[in-house]
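K.L.:
starting from these lines, generate the structure:
(2 chains)
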Amino acid sequence: MAKLVYGLNQTLDGYVDHLAFKPSAVLFRHFIDQVRNLTGTVYGRRTYEVMRYWDEDLPDWMAAEHEFAAVWRKQPKWVVSRSLKSVGPNATLVGDDIEAVIQGLKARLVGEIDVAGPELAGSLTNLGLIDEYRLYLHPVVVGSGKPFFAGPRPPLRLVASDRIAEEVIRLTYVPA
Amino acid sequence: MAKLVFGLQQSLDGYVDYMELGPPGPALSRHFMDHARALAGVVYGRRMYEIMRYWDEDSADWGAEEHDFAAVWRSQRKWVVSRSLKLVGPNVTLVEDGVESVIRGLKAQLAGEIDVAGPTLARSLTDLGLIDEYRLYLRPVVLGRGTPFFAGPRPPLRLAASDLIGEDAIRLTYVPA
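P.N.:
This is a model prediction of the structure:
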């Protein structure tokens, strides 16, 4: 039985727009290790398209970026989309029946499956499928953007708070 | 030299609407009461002051806790920033103009902590560079909409402390970076 986890960087006012953050070396190291240990990741279309950046080497990458790309390419991916016709290496397209597919993954796999993308996380939240939420709070305030939580949800319970880097605290919540 | 602090309960998605958040538990309420008792004073925006004026008159259905809070509130020195209010209650100074110099004066003249109450006022004081500390009391609820704690963008902050407070809140303390 795998655990479904939704975690993302966000601003103090709750927005996840990835251009608002430049992860520090310490935080990037944390995510390399986190992605390395994942059983797999379920992507929404938009986030998958952003992350495909890591499918092709770039000449200006440093060692840490090559390392992240290597663990990212290796991880099994499921991409939830009705509009995409094909997906990249090591990815499976999920066009319909998200609920059954995700329930199947949770039942069949062990460890941790990441949910990537706030809209997808909103749908999976409404289906009651997300086991844990991880808010990586950065000390910036942007005033507008795409929220971490796509809509209201029933109360949560705080289970941990950890300083991940000088600038970032991670809050871990589970459904109450 | 007093420190100007903006702190409020809020949802995980950053909204401060008190009625939507639900009442704080007994331990969190006590925390706020002790905090309020220790303050050098509070600067209110008009909306927040009008909500809080509730505590100026006893109500028949209050229990001991409500009476305690009302006593603390009434003894608090208050400043209300508003151009439309003409009349304010007891223990209150109305600030109609020159907010910046009034607040600078208070900070210079008082010691301890002055609270800022109200997100709109907090934003104006943020833009003037007057707020020394932000305290986010995160409650484990998600509202989806409402009045945000931060009324607009601001320059980066620095995390100074995180503390579990009461039943279900974590308080994150930030200072300007």
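K.L.:
would you map the helices across the chain?
P.N.:
Reading this off chain A. When assigned using DSSP state H, the helices of chain A occupy the ranges A:25-36, A:45-51, A:63-74, A:98-108, A:118-126.
K.L.:
look at chain B instead
P.N.:
B:18-21, B:26-38, B:46-52, B:64-75, B:99-109, B:119-127.
K.L.:
so which of the ones you listed comes closest to A:Ile113?
P.N.:
helix B:18-21 (31.3 Å; Cβ to Cβ). The C-beta positions use only the backbone N, C-alpha and C, and glycine is treated the same way.
K.L.:
what are the buried residues along that closest one?
P.N.:
Residues B:Leu21 are the ones in helix B:18-21 that count as buried (16 or more other Cβ atoms under 10 Å in any protein chain shown).
K.L.:
residue contacts, residue 109?
P.N.:
Reading this off chain A. A:2, A:39-40 (Cβ atoms under 8 Å, 6 or more residues apart in numbering or on different chains).
K.L.:
my question was about chain B, not that one.
P.N.:
B:Gln109 touches B:Ala2, counting by Cβ under 8 Å, 6+ apart.
K.L.:
that older thread, so which of the helices of chain A is nearest chain B?
P.N.:
Closest to chain B of the helices of chain A is helix A:118-126 (Cβ to the nearest Cβ; 9.0 Å).
K.L.:
other SSEs contacting the closest one?
P.N.:
strand A:3-10, strand A:40-44, helix A:98-108 (3 or more Cβ pairs under 8 Å, 6 or more residues apart in numbering or on different chains; DSSP states H and E).
K.L.:
what strands line up against the second one, and which way round?
P.N.:
It stands for strand A:40-44. strand A:77-80 (parallel), strand A:112-116 (parallel) (DSSP bridges).
K.L.:
TSV for the ones you listed, including mean pLDDT and mean neighbour count?
P.N.:
Compiled in TSV, these are given as follows (pLDDT from 0 to 100; neighbours: other Cβ atoms under 10 Å in any protein chain shown):
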stretch	mean pLDDT	mean neighbour count
strand A:77-80	98	23
strand A:112-116	97	22
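K.L.:
could you export stretch A:93-113 as CSV, CA atoms only?
P.N.:
Taking Å, rounded to 0.1, in the frame of the first residue of the first chain, the C-alpha atoms of stretch A:93-113 are listed here in CSV:
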residue,chain,number,x,y,z
LEU,A,93,-0.7,8.4,-20.0
VAL,A,94,-3.9,8.3,-17.9
GLY,A,95,-6.8,9.6,-20.0
ASP,A,96,-9.8,8.3,-18.1
ASP,A,97,-10.9,6.9,-14.8
ILE,A,98,-8.3,8.6,-12.7
GLU,A,99,-9.9,7.3,-9.5
ALA,A,100,-9.5,3.6,-10.4
VAL,A,101,-6.0,4.1,-11.8
ILE,A,102,-4.8,5.9,-8.7
GLN,A,103,-6.5,3.5,-6.3
GLY,A,104,-4.8,0.7,-8.2
LEU,A,105,-1.4,2.3,-7.9
LYS,A,106,-1.8,2.8,-4.2
ALA,A,107,-2.9,-0.8,-3.7
ARG,A,108,-0.3,-2.4,-5.9
LEU,A,109,2.8,-0.3,-5.0
VAL,A,110,4.6,0.5,-1.7
GLY,A,111,6.5,3.6,-0.5
GLU,A,112,5.6,7.0,-1.6
ILE,A,113,3.8,8.3,-4.7
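K.L.:
distance of the most centrally placed residue in chain B relative to chain A?
P.N.:
With distances taken as Cα atoms, centre = their mean, B:Ala117 lies nearest the centre of chain B, 3.2 Å away. Counting by Cβ to the nearest Cβ, to the nearest Å, the separation of B:Ala117 from chain A is 19 Å.
K.L.:
wait, that residue sits on B:Gly41?
P.N.:
No: with contact defined as Cβ atoms under 8 Å, B:Ala117 does not count as touching B:Gly41 (10.6 Å).
K.L.:
quick one: the lengthiest strand in chain A near chain B?
P.N.:
For chain A, the longest strand by residue count, based on DSSP state E, is strand A:156-165. Yes: for strand A:156-165, a contact with chain B is found by Cβ under 8 Å from any Cβ of the partner chain, at A:156-158, A:161, A:163.
K.L.:
what's the PyMOL syntax to select whichever of those residues are buried?
P.N.:
This is the PyMOL syntax for the buried subset of those, where burial follows 16+ other Cβ under 10 Å:
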select buried, chain A and resi 156+158+161
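K.L.:
make a markdown table out of the residues of strand A:156-165 next to chain B and add pLDDT.
P.N.:
As requested, the residues of strand A:156-165 next to chain B are exported to a markdown table (pLDDT from 0 to 100):
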| residue | pLDDT |
| --- | --- |
| A:Leu156 | 98 |
| A:Arg157 | 98 |
| A:Leu158 | 98 |
| A:Ser161 | 98 |
| A:Arg163 | 97 |
